[in-house]
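**Student:** Please work out how this folds:
(one chain, ligands or ions: 1)
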Amino acid sequence: MKIRTSNLIFDSIVDGPSLRTVLFTQGCSHHCPGCHNTETWDPTKGQLKDVDDLFNQIINHGTKAMTFSGGEPFEQPLACASLAQRLKEQGFNLWSYSGYTWEQIQQDEDKKQLLKHLDVLVDGRFILAQKSLTLRFKGSSNQRIIDVQESIKQNKIVLYSLNKKRDFRQKREGIYI
Ligand code: SF4
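**Tutor:** Just a heads-up that it's a prediction; the model follows:
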């Protein structure tokens with residue numbers, strides 16, 4: 001199984017709490033005006049990377065927190081789900097950004113396969129008119145930072161509390177918010 005990938009970076013501090021690995025997938029059909037990652041829109045560009053290779057690269061770095069970003073990770077849901085499942089088995093904390101809303105993801109069984117492995121989903125398209133630099137971990141105020149597991153359990157959207165201490169704390173290098 002392969003993921004079309006734009007970039008893989010390590011030690012990000014802006015894509016969720018603590019130092020995180022970030023996988024930028026390639027291909028996004030949302031085309032939000034004001035998007036900072038327009039080079040990730042074209043689904044024929046980037047590189048096709050084997051899930052096994054990505055898994056090994058991510059594991060070898062040692063940080064147990066990863067964020068799917070894009071591009072649009074939910075436009076490659078099954079391949080991203082396969083990677084997410086394997087990382088979750090290793091105790092990773094997993095976030096994903098998506099231009100799709102929670103409600104849209106609920107309508108698509110493939111997208112739900114990725115969602116079910118996540119701790120947090122930041123949902124919704126970037127809306128330039130609602131952009132604010134004061135927002136934490138999101139670009140525009142319409143986007144929601146959703147506690148995925150609690151939302152699935154309660155069958156309603158539960159927002160993630162940025163003040164909640166989580167069990168993914170990293171002893172050496174964690175940043176708590
Ligand atoms: S969903 Fe994200 S990557 Fe896609 S166009 Fe919108 S801001 Fe850009």
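**Student:** mind checking the longest helix of the chain?
**Tutor:** The residue-count maximum for a helix in the chain (DSSP state H) belongs to helix 77-89.
**Student:** Thr101 - how many residues pack around it?
**Tutor:** By other CB atoms under 10 Å, 18 other residues sit near Thr101. All C-beta spots, glycine's among them, are computed from the backbone N, C-alpha and C.
**Student:** now swap in Ile3 and tell me
**Tutor:** Neighbours of Ile3 under the rule other CB under 10 Å: 25.
**Student:** Then Leu133?
**Tutor:** The local packing of Leu133 (other CB under 10 Å) involves 5 other residues.
**Student:** Next, work out how far apart it and Ala84 are.
**Tutor:** From Leu133 across to Ala84, the span is 30 Å (CB to CB, to the nearest Å).
**Student:** With adjacent residues omitted, what lies nearest to the most centrally placed residue in the chain?
**Tutor:** With distances taken as CA atoms, centre = their mean, Ser96 lies nearest the centre of the chain, 1.5 Å away. Among residues not flanking Ser96 along the chain, Phe68 sits closest, at 3.9 Å (CB to CB, 6 or more residues apart in numbering).
**Student:** The one you found: what's it in contact with?
**Tutor:** Val22, Leu23, Thr25, Cys80, Ala84, Leu94, Trp95, Ser96, Tyr97, Leu114 (CB atoms under 8 Å, 6 or more residues apart in numbering).
**Student:** Contacts only, for the fifth one.
**Tutor:** Going back to what we said before, that points to Ala84. Phe68, Leu94, Leu114, His117, Leu118 are the contacts of Ala84 under CB under 8 Å, 6+ apart.
**Student:** SS state for the residue lying closest to Glu72 once chain neighbours are set aside?
**Tutor:** Sequence neighbours aside, Cys28 is the residue nearest to Glu72 in space, at 4.1 Å (criterion: CB to CB, 6+ apart). For Cys28, the assignment made with DSSP: H, G, I helix; E, B strand; the rest coil gives coil.
**Student:** Relative to Leu83, how far out is Glu89?
**Tutor:** Counting by CB to CB, the gap from Glu89 to Leu83 is 11 Å.
**Student:** And the two? Which one has more around it.
**Tutor:** A count of neighbours by other CB under 10 Å puts Leu83 above the other of Glu89 and Leu83, at 26 against 9.
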